[in-house]
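*Asks:* This is the structure alone, sequence omitted:
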C-alpha cells in the first residue's frame, strides 16, 4: 500500500502575500517538497489548484488552505499530479474518519443474482480515496465482491479485506497445487471461488470450485469440473452454486459441495458467459468456435432446480465476425439483456426467449470484438461499452441510444456499475485508461482517474475498484483502490 502523506497548507492572507506552515513530520512518513509560494489576492480556488497541478512529489498529498476558503487535493504518482477545483473533492486521501453509509451488499459479480449491475447504495460523487490494497494478481476476470462490509478478492490468493479500512483479515492459498483463483460469490456463511491450476485462458486442465469459511478462510470443500473455468464467474442462487466451464457444461453445486445437476449445452465449445438467475431460471450464453464460427451461439434459459432447457435463443450469424456470446446476461423486468461479439445487443423475454428488440451498437469489423461485458440496467436505461470505443446509455424499452461517450478504440471488458444517479465504467487496454464516473441521466463526466478497465464493486457507500493499469505491489502501485464521499 502506498504511504499516505498529509500536508496541511495554511494560507494567511496578509496584504498580497500568502505564507505556508509546514506540519510536524509524522513518524514513518517522509515529507516531500512544498509547492511554490503564491502571491496575489484575486486568485480563485480553481486558479490556485491549477497553479500546482504539475508539482513534483511522491506519495499522496492533501493540501488545504484559506485562499479564499478553498481546498485542493492532489494525487502524485509516476503519471504526475491531479488537482480538483472549487472544493469539488479530489483523488488524495482525506484525513477524516470514515462513517459507512447504510449497509448494502455486492455479494457476486455485477452485484446481484440477476447481474443487473445496479445498487441501492450511496455512491461517490467525488474521487476521494480512503484506502488502497497493495496485493498482486488481480486480472480482468478477478472482480471483487462485498458482503457484510467485507471485501473479497481473488488475486494470487483469496483475500478478505475490511471495507472501511482495507485491512487484511485473512487470506487463503492451496499450496498443494497450482492455485489461480478467478471468480467469487459469497453467501450462506461461505466464500465460493472458481480456481484453475494454471495461469492461462485457453487449454486449461479441469478446474475446481472451492468453498471457504467466510470468517476464517478455512477450506470446507472443493469440487472438480470437467473443463477449466477460464471466464465464467460463479453465482449463488436458491442455495446452489451455478457456473459454466470451458467444456461447454453448466453446473449446479449444492452448498455442501454435491452435484445437483450438470448440463452440456448443444454446440457449446466453451462457456465464458457467467450465469444469471431470475424467477427460477438460470440464463447463460454459449460460444462456438471462434476461428470458424461454424457453431451457432445461443442464450439459454435453464430450470434452476433441474437444469432442463426452457428455451434457447440463437443470435445473428454474420460472416467474418465473431458470432459469440461472451457477455454475461442482465435480467430486469422480465427481459434478458445481453451483447454479442458481432456487435449486436439484444433484449429478449425472460419467460419465452422471444426477441423484443435488437440493435447494432458496434460494427465488429476486422474481427474486433463488439460487446463482451455485462450491461447495467436501471433508470429506464441499459448501460454498456463496446470495443470500438463507445460507452452508451440506450433505452431499456426500445434500444434507442440516449447518450454515448467516446473513450477511444479499446478493450471494453469493464462491466458498468449503476447507483445513486451515477454510472461507473473503465476504459481498457488501447483506450485512454480512465475509470469514469458519469451522470447516469446526462452522460456528463463527474470525475475520472487512471485505473483502466475495471469492473468495480459497491457497498455501504464505498466503491472498490481494481487497478488494471500497473496492478500489484510488484509494480509499486495498488491492486485495489477504494473511494468514498466523506460525510
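*Replies:* Yep, it's here. Values in this document were obtained by computation on a predicted structure and should not be read as measured data.
*Asks:* only C-alpha atoms for contact and neighbour calcs from this point on.
*Replies:* OK.
*Asks:* looking at it, residue 417 is touching residue 436, isn't it?
*Replies:* No. Using C-alpha atoms under 8 Å as the test, residue 417 is too far from residue 436 to be in contact (10.5 Å).
*Asks:* Find the residues that touch each one of these two.
*Replies:* 424-425 (C-alpha atoms under 8 Å, 6 or more residues apart in numbering).
*Asks:* Backbone dihedrals for residue 310, both of them.
*Replies:* phi -100, psi -50 (degrees, to the nearest 10).
*Asks:* Which pLDDT value belongs to it?
*Replies:* As predicted, residue 310 sits at a pLDDT of 98.
*Asks:* count of neighbours near it?
*Replies:* 16 (other C-alpha atoms under 10 Å).
*Asks:* now residue 195
*Replies:* Around residue 195 there are 26 residues (other C-alpha under 10 Å).
*Asks:* Show me how far the helix or strand harbouring it is from its chain's centre.
*Replies:* Assigning secondary structure by DSSP states H and E places residue 195 in strand 190-196. Centroid separation for strand 190-196 versus its chain: 18 Å, with C-alpha atoms, centre = their mean, to the nearest Å.
*Asks:* the strands in the stretch 201-350 of the chain, which residues?
*Replies:* Ranges of strands in the stretch 201-350 of the chain, per DSSP state E, counting those that start in this stretch, are 208-213, 219-224, 235-237, 240-244, 249-254, 259-264, 276-278, 281-285, 298-303, 309-314, 330-332, 335-339, 344-349.
*Asks:* mind putting those in TSV, distance to residue 116 included?
*Replies:* Shown next, in TSV, are these (distance: least, C-alpha to C-alpha, whole Å):
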stretch	distance to residue 116
strand 208-213	24
strand 219-224	28
strand 235-237	13
strand 240-244	17
strand 249-254	21
strand 259-264	25
strand 276-278	9
strand 281-285	13
strand 298-303	17
strand 309-314	20
strand 330-332	5
strand 335-339	9
strand 344-349	13
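*Asks:* For residue 108, find the nearest of those strands.
*Replies:* strand 235-237 (6.5 Å; C-alpha to C-alpha).
*Asks:* Strand partners (parallel or antiparallel) of that closest one?
*Replies:* According to DSSP bridges, strand 235-237 forms sheet pairs with strand 240-244 (antiparallel).
*Asks:* tell me the mean pLDDT for the partner strand?
*Replies:* 97.
*Asks:* From the chain's centroid, how far away is it?
*Replies:* Per C-alpha atoms, centre = their mean, the centroid offset for strand 240-244 relative to its chain is 20 Å.
*Asks:* and what of stretch 174-189?
*Replies:* Centre to centre, stretch against its chain (C-alpha atoms, centre = their mean), the figure for stretch 174-189 is 18 Å.
*Asks:* List the buried residues of it.
*Replies:* 179-187 (16 or more other C-alpha atoms under 10 Å).
*Asks:* can I see the domain layout of the chain?
*Replies:* 1-95, 118-483 (automatic domain parsing).
*Asks:* Using TSV, lay out those domains together with distance to residue 104.
*Replies:* Listed next are those as TSV, based on distance: least, C-alpha to C-alpha, whole Å:
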stretch	distance to residue 104
domain 1-95	23
domain 118-483	5
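*Asks:* Pick the most deeply packed of these.
*Replies:* domain 118-483 (a mean of 21; mean count of other C-alpha atoms under 10 Å).
*Asks:* can you give me the end-to-end distance of that domain?
*Replies:* 17 Å (C-alpha to C-alpha, to the nearest Å).
*Asks:* Let me know the closest of the buried residues of stretch 174-189 to residue 332.
*Replies:* residue 185 (20.3 Å).
*Asks:* What residues does the closest one make contact with?
*Replies:* So residue 185 contacts 107-109, 145, 191-193, 234-236 (C-alpha under 8 Å, 6+ apart).
*Asks:* Lowest average pLDDT across the domains of the chain?
*Replies:* Looking at these, the bottom one is domain 1-95 with a mean of 36.
*Asks:* and of the buried residues of stretch 174-189, the nearest to residue 469?
*Replies:* Distances from residue 469 to the buried residues of stretch 174-189, taken by C-alpha to C-alpha, are shortest for residue 182, at 18.4 Å.
*Asks:* Residue 454 versus the spatially closest residue to the closest one that is not a sequence neighbour, what's the distance?
*Replies:* Of all residues not flanking residue 182 in the chain, residue 142 sits nearest, at 5.0 Å (C-alpha to C-alpha, 6 or more residues apart in numbering). Taking C-alpha to C-alpha as the measure, residue 142 and residue 454 are separated by 10 Å.
*Asks:* same deal with residue 213?
*Replies:* 27 Å.
*Asks:* same check, this time on residue 105
*Replies:* On the measure of C-alpha to C-alpha, residue 105 and residue 454 end up 19 Å apart.
*Asks:* strands paired with the strand or helix carrying residue 449, and their directions?
*Replies:* In this assignment (DSSP H and E), residue 449 forms part of strand 445-450. In the sheet, strand 445-450 lines up against strand 434-439 (antiparallel) (DSSP bridges).
*Asks:* Distance from the chain centre to the strand it pairs with, please.
*Replies:* 12 Å.
*Asks:* Stretch 377-390 now?
*Replies:* Computed by C-alpha atoms, centre = their mean, the chain-centroid distance of stretch 377-390 equals 14 Å.
*Asks:* Including distance to residue 164, could the contacts of residue 185 go into CSV?
*Replies:* Below are those laid out as CSV (distance: C-alpha to C-alpha, whole Å):
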residue, distance to residue 164
107, 16
108, 19
109, 20
145, 14
191, 20
192, 23
193, 23
234, 25
235, 25
236, 25
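*Asks:* between these, which is closest to residue 383?
*Replies:* residue 109 (16.1 Å).
*Asks:* how far away is the residue nearest to residue 221 when sequence neighbours are not counted from residue 179?
*Replies:* Among residues not flanking residue 221 along the chain, residue 211 sits closest, at 5.3 Å (C-alpha to C-alpha, 6+ apart). Using C-alpha to C-alpha, we find residue 211 at a distance of 14 Å from residue 179.
*Asks:* now swap in residue 218 and tell me
*Replies:* Relative to residue 179, and taking C-alpha to C-alpha, residue 218 is found at 15 Å.
*Asks:* Among the buried residues of stretch 174-189, which lie within strands?
*Replies:* Counting by DSSP state E, the buried residues of stretch 174-189 place 180-187 in strands.
*Asks:* For my notes, please list those in a markdown table and give distance to residue 254 for each entry.
*Replies:* What follows is these, written out as a markdown table (distance: C-alpha to C-alpha, whole Å):
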| residue | distance to residue 254 |
| --- | --- |
| 180 | 22 |
| 181 | 20 |
| 182 | 20 |
| 183 | 17 |
| 184 | 16 |
| 185 | 13 |
| 186 | 14 |
| 187 | 12 |
